[in-house]
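# Sequence and predicted structure are below.
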Amino acid sequence: METATVPTGIKWWNGGRSPFNTSYGKVMMWYFLMSDAFTFGAFLISYGTVRFSYNSWPDPNHVFNAFPFAGHAHLPLAFVSLMTFILIFSSVTMVLAVHEGHKMNRKGVEKYMILTILGGIAFLGCQAWEWTHFLTGYKEVLVDGKIEHWATTISHNALGPAVMHEGRMIATPGPALFGGFFFEITGFHGFHVFSGIIINIIMLAKTRLGHFDKRGHYEMIEKAGLYWHFVDLVWVFVFLCFYLI
Amino acid sequence: MSNVVSIQDSALHHSHEAHESHHHQSFISKYVFSQDHKTIAKQFLITGIIWAVVGAFFSVVFRLQLGFPDSTFPFLENLFGHWAKGGKITPEFYYALVTMHGTILVFFVLTAGLSGTFANFLIPLQIGARDMASPLLNMLSYWFFFAASIVMIVSLFVQTGPASGGWTIYPPLSALGEASVGSVVGMDYWLVSIGLFIISSLLGGLNYVSTILNLRTKGMSMTRMPLTIWGLFFTAILGILSFPVLLSGAVLLLFDRNLGTSFFLSDIIVAGKILPNEGGSPILFQHLFWFLGHPEVYIVILPAMGITSEILAINSRKPIFGYMAMIGSFFAICTLAFLVWAHHMFVTGMNPFLGAVFVLLTLLIAVPSAVKVFNWLTTLWRGNIRFTPAMVAAIGFVSLFISGGLTGIFVGNAALDIALHDTYFIIAHFHLVMGVAAFFGMFAGIYHWFPKMYGREMNNTLAYIHIWVTLIGAYLIFWPMHYTGLAGMPRRYYDYSNWESFKMFGGMNQFISIVVIIVFITQFLFIINFFYSIWRGRRATENPWGATTLEWTTPVNPGHGNWPGEIPEVHRWAYDYSKDGKDFIMQTTPVGEEETKGH
């Protein structure tokens, strides 16, 4: 359904046709994404208000410096950059799937949908590794004069400022809400990626079964694409708020 | 595929297919899991009526406590068991009742019951569509609402009782099980129920917006639509953009309650025990809540405004005054709705400068509201008024909206609000302006469109008694509350006779409670009238009110697909009343050559 050439002289708003020359499904998807943007917006603004009520906050360069199989190497933001690259790249393959859909090329749509799904699964895998790294990475923390072993979880934060204790530097508890917001917001985003993968798998199945060929257009792929790009776009903001500033 | 997507053609084609298959519908697919917008509307309406009875009954029970704090009512013990030992409700149960009264009436009746009913029923019929854009999502919208209702009903029966921290569920009261019995598990049910409710509202809202934008029949430009549709359009947009923020708040609150986070908690001591929670902010929750909570009152009132505009014009036999100004003021209200939420939070210790900004934005809403009121009054002015039950209810709406709206100017001022906050003045204000007023919009809508819904008419005598008793009763209930509120009587107290300074209001409270009981009983006139008329009412004619809009061009009992033949084309706006010597001209009538130029 190419919409590049817009006929002139048509009264778009006079009824009997869509004023935007789009199907109701796409209009719905755009409004849904607006709604979802408000959900994420509320989360991120809440995170911002809490974060800036603190004088200090864990430094992302030190918090996010691990890489799988790299031991204790200090690689600030390397892993999250890889994750982000994977997700952005899956957006590229999604665009290509939509493009193949415009050309009614079923094989092409299938190929790029598979790549998009793989990209999504790879991203979720990375996120699982990162979460595991936090939840199982026990660190020594000085709590009320005693040394305890803490992981960074939804309610505990072992990444607070370090102090001198019995002749060596040791971390103290940091703002617990760092973990709270990190797991809540990346989790909520991960849930969106997960549902995007499910939607994409359904779209792939429908493509293979020839549903869209029968229907004469691949608009469903386009709508799934809108959702997928939105989830990517949200990640850009999550990335900005948690990893960069 | 052609460059121009012709929605109308595909909709026609689609519905012809649908027609074939709809002859052999089972009971389940016709009445239970129906995808017909008219049936879904009725499902919303009847579920809403059931909820309204429950919510109103709760208010009767707590009014008994407020009006007669020294008496006992043994029947309450039979009903509520240990919650009303000896015929007197416990303080915990009192708070559960007021919380549930607010939740049920605001969300389940005046949101789902009002816009769920009229958006579903009127949008396809008035814009000339076979059905909603997505009948499937429409059906799901109702069933998510149903699921939300079930969860909320279950919460009434858990051992520790339903949520009891007020319908605004402020933490820390709502976040900590230690804080009150209602916060133990009832609160989780509340949050899950509202989560389901938000999904329902989202599915509904998406459908309403895309149907209005995409499925208008030929000739039905945006500025030819009846004002009901404009009201429902802006309601849907408000819902789509504000409910997700409550969803965020509810998710964070669920985390605080069950997963050990402290998003809304900090520095808390319960019963001498210091809790470990640190760093969060209960005020943050109030911001998230009221970012929905304020648009919510417009979600409740805008459909009622649209219905009122339509009914006033029809029954004055005059075009609506200031059609474009009506749309403009809808737009202004819709925009300002998102910018005023903090006027519910003047006493949270916010920066006075910020408070002043919110005062200004709040008072600005008086402008579009006044535009609407003056337009309604000028529509009535020198009209050939027919006092049908719907018309009386619509005039009641205007009256209540003015009375309640004027006190909005009082409480919108931070300086006054600091004194009036959480007093009965607030109760009086919002019950008149959004509670009872929205109910009158709903009553007007039901009395007006009942013939289209069921093909029969409601009994007028019962309707007049119902409306007048309810209207006078509403004023008798809420007018005195302005005075008790100004005198400092705070809301959410279980028993005012414990305080010397509030003892003098005992008689007033008693009077209010008696009127509440009378008004509650009167509502059964409406319910009897409604259900009796579904089966036994006088058969309706095709266009009983002499209205111009498209729903009255369908057969008396429209089938699935609404119009048996082609969808009619529209040639004029919805308000050609008393024009060129004709009483009214249908929207489908082509414009004659000698016709005076109108809208």
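Done, it's in.
# Send me the helix or strand containing residue B:359 as PDB with only the CA atoms.
Using DSSP states H and E, residue B:359 falls within helix B:352-364. In PDB, the C-alpha atoms belonging to helix B:352-364 read as follows (Å, rounded to 0.1, in the frame of the first residue of the first chain):
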ATOM      1  CA  PRO B 352       3.700  28.700  46.400                       C
ATOM      2  CA  PHE B 353       4.800  29.900  43.000                       C
ATOM      3  CA  LEU B 354       4.000  26.600  41.400                       C
ATOM      4  CA  GLY B 355       0.700  26.700  43.300                       C
ATOM      5  CA  ALA B 356       0.000  30.100  41.700                       C
ATOM      6  CA  VAL B 357       0.600  28.700  38.200                       C
ATOM      7  CA  PHE B 358      -1.900  25.900  38.900                       C
ATOM      8  CA  VAL B 359      -4.400  28.400  40.300                       C
ATOM      9  CA  LEU B 360      -4.200  30.400  37.000                       C
ATOM     10  CA  LEU B 361      -4.500  27.300  34.800                       C
ATOM     11  CA  THR B 362      -7.400  26.000  36.900                       C
ATOM     12  CA  LEU B 363      -9.300  29.300  36.800                       C
ATOM     13  CA  LEU B 364      -8.800  29.400  33.000                       C
END
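# Which positions within the following helix or strand past that helix qualify as buried?
Per DSSP H and E, the first helix or strand lying C-terminal to helix B:352-364 is helix B:366-380. Judged by neighbour count (16 or more other C-beta atoms under 10 Å in any protein chain shown), helix B:366-380 contains these buried residues: B:368-369, B:371-373, B:375-376, B:379-380. The way it works is simple: take the backbone N, C-alpha and C, and place the C-beta from them, glycine included.
# Also stretch B:321-337?
In stretch B:321-337, counting by 16+ other C-beta under 10 Å, buried: B:321-323, B:325-327, B:329-330, B:332-334, B:336-337.
# Would you mind giving the residues you listed as CSV with secondary structure, distance to chain A and pLDDT added?
Listed next are the buried residues of stretch B:321-337 as CSV, based on DSSP: H, G, I helix; E, B strand; the rest coil; distance: C-beta to the nearest C-beta, whole Å; pLDDT from 0 to 100:
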residue, secondary structure, distance to chain A, pLDDT
B:321, coil, 24, 96
B:322, coil, 21, 95
B:323, helix, 16, 96
B:325, helix, 20, 97
B:326, helix, 18, 97
B:327, helix, 13, 97
B:329, helix, 21, 97
B:330, helix, 17, 97
B:332, helix, 20, 97
B:333, helix, 19, 97
B:334, helix, 14, 96
B:336, helix, 17, 96
B:337, helix, 14, 96
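# which residues touch the residue lying closest to residue B:269 once chain neighbours are set aside?
Take residue B:269 and drop its neighbours on the chain: the residue closest to it by C-beta to C-beta, 6 or more residues apart in numbering or on different chains is residue B:275, 7.1 Å away. Counting by C-beta atoms under 8 Å, 6 or more residues apart in numbering or on different chains, residue B:275 makes contact with B:176, B:265, B:268-269.
# just these now: which is nearest chain A?
The shortest approach to chain A among those belongs to residue B:265, at 9.9 Å (C-beta to the nearest C-beta).
# Where is the longest helix in chain A?
Taking DSSP state H as the criterion, chain A has its longest helix at helix A:176-208.
# One more: chain B?
helix B:282-316.
# Wondering if that helix reaches chain A at all.
Yes - legend: contact between helix B:282-316 and chain A by C-beta under 8 Å from any C-beta of the partner chain is shown at B:284, B:288, B:291.
# Put together JSON lines for those, with pLDDT, neighbour count and distance to residue B:28 on each row.
Formatted as JSON lines, the residues of helix B:282-316 next to chain A follow (pLDDT from 0 to 100; neighbours: other C-beta atoms under 10 Å in any protein chain shown; distance: C-beta to C-beta, whole Å):
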{"residue": "B:284", "pLDDT": "96", "neighbour count": "20", "distance to residue B:28": "46"}
{"residue": "B:288", "pLDDT": "97", "neighbour count": "26", "distance to residue B:28": "40"}
{"residue": "B:291", "pLDDT": "96", "neighbour count": "25", "distance to residue B:28": "40"}
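# Please identify which of the residues you listed is nearest to residue A:26.
Nearest to residue A:26 out of the residues of helix B:282-316 next to chain A is residue B:291 (C-beta to C-beta; 27.4 Å).
# Excluding chain neighbours, what is closest to the closest one?
residue B:245 (4.4 Å).
# cool, and residue B:215?
residue B:129 (4.0 Å).
# And the residue nearest the centre of chain B?
Geometric centre of chain B, nearest residue: residue B:110, 2.4 Å, by C-alpha atoms, centre = their mean.
# low-scoring stretches of chain A, by residue?
A:1-8 (pLDDT under 70).
# where do the strands sit along chain A?
A:139-143, A:146-150, A:162-165, A:168-171 (DSSP state E).
# among those, which is the most enclosed?
Neighbour counts (mean count of other C-beta atoms under 10 Å in any protein chain shown) averaged over each of the strands of chain A peak at strand A:139-143, with a mean of 16.
# ok, residues contacting that one?
Under C-beta under 8 Å, 6+ apart, the answer for strand A:139-143 is A:147-152, A:158-160, A:163, A:165, A:170-173.
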